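this is a predicted model, with the sequence first.
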Amino acid sequence: MQAVIFDMDGVIFDSETLVLETWKETAERHGVAGVEQVCRKCLGLNASASKQVFLAHYGDDFPYDEYKKEMGALFHERADGGRLNQKPGIRELLIFLQDHKIRTAVASSTKSELVETELREGGLLPLFDAVIGGDMVQKSKPEPDIFLKACEVLAVSPKQSWVIEDSYNGIRAASRAGAVPVMVPDLAEPTEEMRRLATYILPSLVEVRKEIERLLDM
């Protein structure tokens, strides 16, 4: 194992729950039905791909940018300043990897500036060797581009890199990159496809650390 690459939303931070909550509040204000179903289709996608999912569902005249801005204001009102809840075990896992000279990166569909801000406010940025945002690659997950970019920046081989993901599109992307896909479920429960594609499905980051410890001791 040369590296561990983390998705951010739903893996490092409990942010997908807050995204869903703020989208539902925004939708209710405007009488928009079925937004939870649409949001779940967007898990793992970048901003432009998510917009297309919304427009495909609600029509081209749907005021996505206006509603997204409103939702974003609600999200940041509740999350900024380090208030975004971290997933149990993330800090301990990162310190463990650092101690064992295993390189780390974040590869998130979120814009890199926002990724760095949230990691910095959460006190986690110094524990990562690289940050790759969705604006740094052309194609969104489920294409493998973001994980291949992370491996390139870290100067590691994909096949010797674990990718920690919670979304279906993230696991698909990790598999296509030739990395070791590890699913830690958040909003999306494992399906038969995920069981086929993921090398490991583990219930928490605490169990991820235990599994890496076990492998290093072999």
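Now that the structure is in, tell me what you want to look at.

retrieve the pLDDT associated with Asp80.
pLDDT, Asp80: 88.

right, and it touches Gly122 too?
No. With contact defined as Cβ atoms under 8 Å, Asp80 does not count as touching Gly122 (10.9 Å). For glycine as for every other residue, the C-beta is placed from the backbone atoms N, C-alpha and C.

higher neighbour count, these two?
Comparing Asp80 with Gly122 by neighbour count (other Cβ atoms under 10 Å), the higher total belongs to Gly122, at 18 against 12.

any idea how this structure splits into domains?
Per automatic domain parsing, the structural domains of the chain span 3-14+85-217, 15-79.

most tightly packed of those?
Greatest average neighbour count among the domains of the chain goes to domain 3-14+85-217 (a mean of 19), per mean count of other Cβ atoms under 10 Å.

can you give me the separation between Val184 and Glu152?
Here Val184 is placed at a distance of 24 Å from Glu152 (Cβ to Cβ, to the nearest Å).

pretty sure Trp162 is in a helix, no?
No. Trp162 is assigned strand when assessed by DSSP: H, G, I helix; E, B strand; the rest coil, not a helix.

which residues are in contact with it?
Counting by Cβ atoms under 8 Å, 6 or more residues apart in numbering, Trp162 makes contact with 1, 3-5, 179-180, 182, 212.

redo that, cut-off 6 Å
Taking Cβ atoms under 6 Å, 6 or more residues apart in numbering, we find Trp162 in contact with 4, 180, 182.

partners of it in the sheet?
Val4, Val180 (DSSP bridges).

how far away is it from Ala198?
11 Å.

repeat that for Phe62.
With distances taken as Cβ to Cβ, Phe62 is found 34 Å from Ala198.

try Asn46
Asn46 sits 22 Å away from Ala198, going by Cβ to Cβ.

likewise Trp23?
Going from Trp23 to Ala198 by Cβ to Cβ gives 27 Å.
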